[in-house]
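K.L.:
Okay, here's the prediction I keep looking at, along with the sequence it came from:
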Amino acid sequence: MAVLVTGGAGYIGGHMVLALLDAGEKVVVLDDLSTGFRWATPEAAEFILGDFGDAALIDSILARGDIDAIAHFAAKIVVPESVTNPLLYYENNTAKARILLESAVRNHVPHFIFSSTAAVYGEPASNPIFETDALAPINPYGRSKLMVEWMLQDVAKAHPLRFVALRYFNVAGADPKGRLGQSTPQATHLIKVAVQAALGHRDGLDVFGVDYPTRDGSCVRDYIQVTDLIEAHLLALRHLRKGGDSLTCNCGYGRGFSVLEVVEVVKHISGVDFEVRIGARRAGDPAALVAGADRVRDTLGWLPKFADLATIVRQALDWERRLHNLTLGRS
Ligand code: UDP
């Protein structure tokens, strides 16, 4: 059987493709290359250029009958952009996911793995956050993803489809073998921005708010290494194929770092004292998000390997250097 990976040319989806191929799985990548890269998909995987919201295209892929699982990564993921352009997020993340799910049901695909987000919790009452805590997203991004979780729950009750929804905390780092990492030049995510600043690929870094109710005033996040995150997806696939129940799990380590702490680690590991400007809050940011990660460990048997922040930063720096050289080589 094969796994269809939407968004497989992107950062997290691309690591899924590598891990599936490493595990000997057949992989079909579907990506419109809006933010992903064609070179991210190895020869061993089939690559289809297209939109996961194109019902006829999805039907034609699923009708072949060799796909038993969809891992759905393709999405818009930038919180401030979701605040200024909410309809883009409801279209791309919610409405198109409905089309994909409809095609999955129509073509009897039994397993679905969904990239959800800690943003479904909004501003949590306390940390760590557990899956049973209140769901109250404070931005369109979180709402656009939560609606898909609800669709999945309803679809799984009405049809023979089971799912695992993984609520990602802050994904960072790169493939330990150096094959892939975060490659979007205009990426907005903190560790990416910080390593770019350290390597002189951008002019310093702005800290978005130091007036939050946290230990140093900057926002606290649970940074999860991308290969560890993908390992949870492989376990989820195994769980579903063994007949396991539908499941929703947090993916994080249960510890948080503030923005200022992350900046210090990047400065220390890189040895570069780049410029840091203290700025105003960014729209849609909760003060702190730390995963209660018992369920993913207990239910799926997840055993992370790369929780050390210095390791994550080192991987991100190594990839950023490599990417820079690759890009120079191509231009
Ligand atoms: N952040 C920052 N400067 C940046 C990028 C991010 O201060 O250049 C902060 C951001 O406001 C948030 C945290 O870092 O508090 C993590 O943001 P990121 O965009 O990495 O992930 P998010 O939590 O929004 O998914």
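P.N.:
Great, that's in hand.
K.L.:
Would you double-check that residue 33 falls in a strand?
P.N.:
No: if the criterion is DSSP: H, G, I helix; E, B strand; the rest coil, then residue 33 is coil and not within a strand.
K.L.:
what's the burial count for it?
P.N.:
Neighbour count for residue 33, taken as other Cβ atoms under 10 Å: 13. Quick note: C-beta positions are derived from backbone N, CA and C, even for glycine.
K.L.:
What residue in the stretch 201-331 of the chain comes nearest to the ligand?
P.N.:
residue 219 (3.0 Å; Cβ to the nearest ligand atom).
K.L.:
Verify the stated contact: that residue with residue 209.
P.N.:
Yes: here residue 219 reaches residue 209: they are 6.8 Å apart, a contact under Cβ atoms under 8 Å.
K.L.:
Residue 151 and residue 76, how far apart?
P.N.:
Noted for residue 151: a distance of 17 Å to residue 76, by Cβ to Cβ, to the nearest Å.
K.L.:
low-confidence ranges in this protein?
P.N.:
Low-confidence segments of the chain, defined by pLDDT under 70: 329-331.
K.L.:
which bits of it sit near the ligand?
P.N.:
79, 170, 188-190, 193, 205-208, 219, 221, 259, 282, 285 (Cβ under 6 Å from any ligand atom).
K.L.:
Quick one: residues contacting the closest residue to residue 266 other than its chain neighbours.
P.N.:
Nearest residue to residue 266, sequence neighbours excluded (Cβ to Cβ, 6 or more residues apart in numbering): residue 194, at 4.1 Å. The contact partners of residue 194, taken as Cβ atoms under 8 Å, 6 or more residues apart in numbering, are 205, 262, 263, 266, 274, 313.
K.L.:
Out of these, list just those in helices.
P.N.:
Assigned to helices by DSSP state H, the following of the contacts of residue 194 qualify: 262, 263, 266, 313.
K.L.:
sorry, back to before: what is in contact with residue 219 and residue 209 at once?
P.N.:
Shared contacts of residue 219 and residue 209, counting by Cβ under 8 Å, 6+ apart, come down to residue 285.
K.L.:
ok, the two, which is more surrounded?
P.N.:
residue 219 (26 against 18).
K.L.:
For that one, grab phi and psi.
P.N.:
Taking degrees, to the nearest 10, you get phi -70, psi 150 for the backbone angles of residue 219.
K.L.:
I'd like the numbering to begin with 59 instead of 1 from here.
P.N.:
Let's use 59 as the start, then, which means that last one is residue 277.
K.L.:
now it: how far from residue 252?
P.N.:
Taking Cβ to Cβ, one finds residue 277 at 14 Å from residue 252.
K.L.:
For the stretch 209-358 of the chain, just list every one of the strands.
P.N.:
All strands of the stretch 209-358 of the chain, identified by DSSP state E, counting those that start in this stretch, fall at 220-226, 228-230, 263-266, 278-279, 281-283, 305-309, 315-316, 334-337, 346-347.
K.L.:
Using JSON lines, lay out these together with distance to residue 96.
P.N.:
What follows is those, written out as JSON lines (distance: least, Cβ to Cβ, whole Å):
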{"stretch": "strand 220-226", "distance to residue 96": "24"}
{"stretch": "strand 228-230", "distance to residue 96": "22"}
{"stretch": "strand 263-266", "distance to residue 96": "30"}
{"stretch": "strand 278-279", "distance to residue 96": "31"}
{"stretch": "strand 281-283", "distance to residue 96": "25"}
{"stretch": "strand 305-309", "distance to residue 96": "27"}
{"stretch": "strand 315-316", "distance to residue 96": "34"}
{"stretch": "strand 334-337", "distance to residue 96": "35"}
{"stretch": "strand 346-347", "distance to residue 96": "33"}
